[in-house]
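*Asks:* only geometry, no sequence info:
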């Protein structure tokens, strides 16, 4: 870029050109630093983020080369199934805690 900033590989930016010199002039202009060799006809996916600056708006670009891991396995968590009687027996209950409340309602 003209301001001396150098993009990291796989990133870039594009900005509005401002006043067009003629109707065929581009509306936006920028650069993208490639992170690997690409073949002719290969599609390059991009992600973009809008950034506001004092001098205007710039869209930051990043090459989207994410691919799912073919070896990824969703973690399985053991699921414990318990009966209603087991759950009820785990809840502590004390009549002594209710006695003061019963006096309030009577």
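*Replies:* Ah, there it is. Not measured: the values here are computed from a predicted model. Residues are numbered from 1 along each chain as shown.
*Asks:* Provide a list of residues in contact with residue 56.
*Replies:* With contact set as C-beta atoms under 8 Å, 6 or more residues apart in numbering, residue 56 has these partners: 15-16, 18. Any C-beta I mention is one placed from the backbone N, CA and C, and that applies to glycine too.
*Asks:* which among those gets closest to residue 54?
*Replies:* residue 15 (12.9 Å; C-beta to C-beta).
*Asks:* Look up how far residue 27 lies from the closest one.
*Replies:* Noted for residue 15: a distance of 10 Å to residue 27, by C-beta to C-beta, to the nearest Å.
*Asks:* out of the two, which sits in the busier spot?
*Replies:* residue 15 (16 against 9; other C-beta atoms under 10 Å).
*Asks:* List the contacts of the most centrally placed residue in the chain.
*Replies:* Taking C-alpha atoms, centre = their mean, the centroid of the chain lies closest to residue 47, which sits 11.0 Å from it. Contacts for residue 47 (C-beta under 8 Å, 6+ apart) come out as 61-64.
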